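Undergrad: 3D, please:
(chains A and B)
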There are 2 protein chains.
Amino acid sequence: MKKIDVVVVGGSAAGITASLTAKIHYPEKEVLLIRKEKKVLIPCGIPYIFGTVGSPEKNLIPDAILEKNGIQVLIDEVKSVDRDKKELSTASGEKIGYDRLILATGSVPAVPPIPGIDKENIFVAKKDVDYLQRFLETLKEIQDLVIVGGGFIGVEFADECRKNPKLNVSIIEMLPHCLMLSGFDEDFCSGAEGILSQNGVKVLTNERVESFTGDKKVTGVKLASGKELKADAVLVAIGVRPNIQLAKEAGLEMGATGAIKVNNHMRTSDPNIFACGDCTEKKSFFTGEPARTLLASVATLEARVAGCNLFKAKRENPGVIGVFSTRIGDTSFASAGLSARLAKQSGYEVVVGEAVAPDRHPGGMPEMKETKMRLTFNKDTGVLLGGQVMGGWGVGELINVVGACILHRMTANDIAQFQMGTHPALTASPIAYQLVSAAENAMKQMG
Amino acid sequence: MKKIDVVVVGGSAAGITASLTAKIHYPEKEVLLIRKEKKVLIPCGIPYIFGTVGSPEKNLIPDAILEKNGIQVLIDEVKSVDRDKKELSTASGEKIGYDRLILATGSVPAVPPIPGIDKENIFVAKKDVDYLQRFLETLKEIQDLVIVGGGFIGVEFADECRKNPKLNVSIIEMLPHCLMLSGFDEDFCSGAEGILSQNGVKVLTNERVESFTGDKKVTGVKLASGKELKADAVLVAIGVRPNIQLAKEAGLEMGATGAIKVNNHMRTSDPNIFACGDCTEKKSFFTGEPARTLLASVATLEARVAGCNLFKAKRENPGVIGVFSTRIGDTSFASAGLSARLAKQSGYEVVVGEAVAPDRHPGGMPEMKETKMRLTFNKDTGVLLGGQVMGGWGVGELINVVGACILHRMTANDIAQFQMGTHPALTASPIAYQLVSAAENAMKQMG
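TA: Sure, this is the predicted structure:
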C-alpha cells in the first residue's frame, strides 16, 4: 500500500486550492488529489455554458495548474476512510494511506420531493459535463423552460437561456423576491427582477410548485396558487446540500446544518482530517452561528486555511462574510455581508447610507453606468455590517473593497476617509465615489 | 460686510468636497465657495478632452451638486486674507468675513525655464476651458505634437492624441521610464511604453529638452543628446506646483516641499484656517516624510478631513498611501503605495509576490484580459507596502482593494485569507484571484 503525506478528496475549487496551499506551505510533502470526475467544471461558470460560453467543454478547470505545482492526481472514487489505519479505499480497489486528509467533497443539487420530479427533461445544475451537454441539447429543441428557484443560480441560468430567442423562460420563486438570500434588500432584488422581465423572462414570486405534469416527459408545472405553466423542460435550482456521505460513514462529527463540523482551523473531529468547501459547516463572521453561505470563493478561503494548517496551526477562519457578485442583463449586482433586512433580523439596530453616481467621470465616458451603493452600519458602534451595489463592470471588484472594510470592522467614519484611486475611464469621480459618499451619508443619521 | 461661517477658496475637487463635507458635519453653518472659474473642469478628465470626450465643455463638474446641498457659490478671486480680522478681500472689491476658512487653491502646471518656452503653440495642462479649447483647435491643424514629460498626464495625453491618425505624437521623458513616479516598477513602466509604441507614440526616455526652436511659433525640440524633433505644437507636462500665493501673503507657514503646512487635522499654522488638496503639503503614510502625491483622490480625502474638523477635531489624516489608476490603449494600469524600487529606497527589505490570471473565468468569457498583480511586502513584518496591477477593466477597483489592505497594514498571511467575491463575467476565478495568489507567492519566500 502506498502512503501519501497529504491526500485531498475532491477536485473542484476547494480541493484544488487546498492542494495548492498545502504545496506552498509544505513543499517537502507529497500531495495527492483524488476525484471522480475526468474533467472538472468551473462551478460558477455552469450557467454561462447555456449562453455566453456555449458548451461544457469550454468551462473546464485545466489540470495544468495541479501538474505545474507537483500535485498528483488520481481519477477514482474514495469509498471509505479507515481513520484508525489512516487509510482510504477507492472504487477501483486501491488502498491509500495518508498522514493528513482533506475532505473537499462539495455539494450536490437539492432535489425536492415534489410529485412528478422524476419525469424526463427535469434537470438540476449538476457538475457533470455529459449531463449538462444533454441539458444543453434539450434546450435547443424546446420552447418553454421553467426554472424552479430564483436564487443566483436560477437567475443566472434564466438570464443566459433567454439569450436564445426561441426559448420562453420563467422563474418560480417561493420568497417575495429573487436573490433575497444573496445579501440584497428588496429594492435591489426588484432591480434584478425588472431587468429579467425587460429581457423577456417571466418572474413569478411568492409561488410554490405543487407538481410537475406530463406523462414520461414533463409538460407543465402546477403551482400552489392554482396557476399552471407550460414546460418542455425544467431546471430545479433550489439550492445544494453538502456531500457528506464519506465523512459520515467515517464517523466524523456533523454540525447543526448537517455539514461536516470543523473548528476555526478547518480541522474536523479527527485531528488528522480537515474539511473545506461546500461539504463543511460555515459560521457567520457576524454572529458566529452556523451559516449556509455556499460560494466557491468561500470554499477557496476555507481551503487556504485548511491547507496551511495541516502540520502547524497558522491561520484562523474568522467566519464567513459572504461576498457575492453577478451580472444580469447589462447590470452588475453584488453584495457583501448583511443586507439591512438581515442585519435587523440578526438583532442589530442599523443605519443605512446610500450613494448613486456614474461609474465614469465625466459621465460622457464610454460605457458609463449609474452605480448605486448601500452600506449598512451598526448604529451603536458605527461598524460596517454589509454593502450592496448595482451598476457597471467595476462592481465585481468594488464589492471586494466593501468586503475588506467589513473584514477590518471599519466604521462609517473610517470609510468616509478611505483612500481610493479614481480614473475617468475606470471609476466614479473622487468627489462622488460611492463607498465614501454612502459612508458620509450614513454619518448624517448617526449625529 | 457680510460674514459667513465657512468660506472655501477654490472650486475644484478639494474645494467642492470640503464644502460638501462641512455641510454634512455642520448642517447649521453657512458655507460659501469662492472660485475664479465660471466653469470648473474635471481635472482628471482633461487628457480625455483630446480624444474620447472631445471637448472641454463635456468635461465639466456641474454646479448642481453644490446648489443641491445648500452651498453658496461666488465667482470671484480672493486677493488677500486679513487673519486678524478674519476677512477676505476679492478682486471685485468685496470683503467677506469668515469664522473658518479652507484654502483649496490647487496647483498650476510647472513651466520649466527652457530656452524658447514662450513660443506660440507651447501648451500646458491648464485647468482653463478657453485655453484647452485653443489647444484642441491647434491640434486639429498640425501634424507633429511633442509631449515633454512622461508622467501620467503626459502619457494619458499621448494615448488620447494618438487616436487622431493625422497626428504624430512623441513623449520625451528625463527618467529611464515613463510613469516611474506613479508607483510602478520598471517592467510595469515598460508594459505601458510598449502599448504606447504599438499605438504609434514615439517614446524617448533618458532624454532632456535643451531648447524649443522656431521663430514666433515652435517648430522643433532640441534634446541634450543632440537629437532634434519636429514639433508643430508642444505640451509641457512635467508636473505641477502648489498654488500658495494667497496663503504665503497671508503669512501662513509653508512646509518642506513649499506647499502649505498642515497638521494631521489639515489645520494650518492659523487655527481658523484649514487647507487641503494640491496646495497643501502631504506626508507619506509609510515614512511620515513630506510627499508630493498630487492626485484628485488624495485632495478629496484631505477635504473630507478638513471639512469634518472645522469646529471639532474628528478625523486624522494618516498620510498619503497614493492610489493611482489609468488606462493606456486597451490595458488598465494601477498602483497603490510603494513600488518595490521605492520601498527599497525608503529602507525596507522587501519580498515581492506576483500573480497573473485571466480577469474572467472561464478565460473564454467576453473581454477577458490577463491581469498581473505584484505585491510588495516588508520582509521583516510581512506587512503590505504596495501593489501594482495591469490588465482589464476591473483593475480600477481592484487597486482599491489593495489600498484597503495597505491602510489596514495587512500582512501577506492576512491577504492570503482575504474573503473576496468572484464571478465569471466580472473577476478572476477564486482559485487564481490575483490578490490572494500574489500574497501566497510572497509567503513562499518568507519561509
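Undergrad: Residue A:91 and residue A:79 touch, don't they?
TA: Yes: assessed by C-beta atoms under 8 Å, residue A:91 is found in contact with residue A:79 at 5.5 Å. Quick note: C-beta positions are derived from backbone N, CA and C, even for glycine.
Undergrad: Which one of these two is surrounded by more residues?
TA: Comparing residue A:91 with residue A:79 by neighbour count (other C-beta atoms under 10 Å in any protein chain shown), the higher total belongs to residue A:79, at 15 against 10.
Undergrad: For residue B:119, see how far away the residue lying closest to residue A:180 once chain neighbours are set aside is.
TA: Leaving aside its chain neighbours, residue A:180 sits nearest to residue A:189 (5.7 Å; criterion: C-beta to C-beta, 6 or more residues apart in numbering or on different chains). Going from residue A:189 to residue B:119 by C-beta to C-beta, to the nearest Å gives 62 Å.
Undergrad: These two: which is more packed in?
TA: With neighbours defined as other C-beta under 10 Å, residue A:189 and residue B:119 compare such that residue A:189 has more, 24 against 18.
Undergrad: Within the helices and strands, which one has the more buried one?
TA: Element membership of residue A:189, judged by DSSP states H and E, is helix A:186-198.
Undergrad: Tabulate the CA atom coordinates of that helix in CSV.
TA: Output of helix A:186-198 as CSV, limited to C-alpha atoms (Å, rounded to 0.1, in the frame of the first residue of the first chain):
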residue,chain,number,x,y,z
GLU,A,186,-35.9,44.2,-1.6
ASP,A,187,-35.2,47.2,-3.9
PHE,A,188,-32.0,45.6,-5.2
CYS,A,189,-33.9,42.3,-5.8
SER,A,190,-36.7,44.3,-7.7
GLY,A,191,-34.0,45.9,-9.8
ALA,A,192,-32.7,42.5,-10.8
GLU,A,193,-36.3,41.2,-11.5
GLY,A,194,-37.1,44.3,-13.6
ILE,A,195,-34.1,43.6,-15.8
LEU,A,196,-35.0,40.0,-16.2
SER,A,197,-38.6,40.9,-17.1
GLN,A,198,-37.4,43.5,-19.6
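Undergrad: just checking, what packs against it?
TA: If you count contacts as 3 or more C-beta pairs under 8 Å, 6 or more residues apart in numbering or on different chains; DSSP states H and E, helix A:186-198 packs onto helix A:152-161, strand A:202-204, strand A:323-328, strand A:331-337, strand A:384-391.
Undergrad: Any idea which of those gets closest to residue B:167?
TA: strand A:384-391 (34.6 Å; C-beta to C-beta).
Undergrad: tell me which residues in the closest one are buried?
TA: For strand A:384-391, burial by neighbour count (16 or more other C-beta atoms under 10 Å in any protein chain shown) applies to A:384, A:385, A:386, A:387, A:388, A:389, A:390, A:391.
Undergrad: Counting neighbours, what do you get for the closest residue to residue A:156 other than its chain neighbours?
TA: Using C-beta to C-beta, 6+ apart and skipping the chain neighbours, the partner closest in space to residue A:156 is residue A:47 (3.7 Å). Look at residue A:47: counted by other C-beta under 10 Å, it has 25 neighbours.
Undergrad: residues in contact with residue A:16?
TA: With contacts taken as C-beta atoms under 8 Å, 6 or more residues apart in numbering or on different chains, residue A:16 has the following neighbours: A:33, A:40, A:61, A:65, A:66, A:303, B:431.
Undergrad: Using a markdown table, lay out these together with neighbour count, distance to residue B:422 and secondary structure.
TA: Shown next, in a markdown table, are the contacts of residue A:16 (neighbours: other C-beta atoms under 10 Å in any protein chain shown; distance: C-beta to C-beta, whole Å; DSSP: H, G, I helix; E, B strand; the rest coil):
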| residue | neighbour count | distance to residue B:422 | secondary structure |
| --- | --- | --- | --- |
| A:33 | 25 | 21 | strand |
| A:40 | 23 | 16 | coil |
| A:61 | 23 | 13 | coil |
| A:65 | 16 | 16 | helix |
| A:66 | 21 | 20 | helix |
| A:303 | 33 | 14 | helix |
| B:431 | 24 | 9 | coil |
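Undergrad: Give the full set of residues in contact with residue A:156.
TA: Residues counted as contacts of residue A:156 (C-beta under 8 Å, 6+ apart) are A:47, A:48, A:326, A:328.
Undergrad: Can you give me every residue that contacts the second one?
TA: Contacts of residue A:48 were listed using C-beta under 8 Å, 6+ apart, and they are A:59, A:156, A:160, B:362, B:365, B:424, B:425.
Undergrad: residues in contact with the first one?
TA: When the contact criterion is C-beta under 8 Å, 6+ apart, the partners of residue A:59 are A:41, A:42, A:45, A:46, A:48, A:49, A:53, B:362, B:364.
Undergrad: Can you name the residues of the stretch 51-200 of chain A sitting close to chain B?
TA: Residues of the stretch 51-200 of chain A lying close to chain B (C-beta under 8 Å from any C-beta of the partner chain) are A:52, A:53, A:58, A:59, A:60, A:61, A:65.
Undergrad: Which single one of those is nearest to residue A:339?
TA: For those, the nearest to residue A:339 is residue A:52 (27.8 Å; C-beta to C-beta).
Undergrad: Tell me, how many residues neighbour that closest one?
TA: So residue A:52, with other C-beta under 10 Å, has 21 neighbours.
Undergrad: That one against residue B:362, yeah?
TA: No: with contacts counted by C-beta under 8 Å, residue A:52 stays clear of residue B:362, the gap being 9.7 Å.
Undergrad: which SS state does whichever residue of the stretch 251-400 of chain A sits closest to chain B fall under?
TA: The nearest approach of the stretch 251-400 of chain A to chain B comes at residue A:396, 2.7 Å away (C-beta to the nearest C-beta). For residue A:396, the assignment made with DSSP: H, G, I helix; E, B strand; the rest coil gives helix.
Undergrad: nearest spatial neighbour of it, skipping sequence neighbours?
TA: Setting aside the residues directly before and after it, residue A:396 is nearest to residue B:426 in space (C-beta to C-beta, 6+ apart), at 2.7 Å.
Undergrad: Doesn't that neighbour lie inside a helix?
TA: No: counting by three-state DSSP, residue B:426 is not found in a helix; it is coil.
Undergrad: Identify the residue spatially nearest to residue A:297, adjacent ones excluded.
TA: Residue A:297 sits nearest to residue B:430 (C-beta to C-beta, 6+ apart), 4.2 Å away.
Undergrad: That neighbour is in contact with residue A:302, isn't it?
TA: No: the pair residue B:430 / residue A:302 is not scored as a contact, 10.9 Å apart, by C-beta under 8 Å.
Undergrad: so residue A:24 touches residue B:440, yeah?
TA: Yes: between residue A:24 and residue B:440 there is a contact under C-beta under 8 Å: 5.4 Å.
Undergrad: More neighbours: those two, which one.
TA: residue B:440 (24 against 18).
Undergrad: Test my guess that that one contacts residue A:304.
TA: Yes: proximity of residue B:440 to residue A:304 meets the contact threshold set by C-beta under 8 Å, at 7.4 Å.
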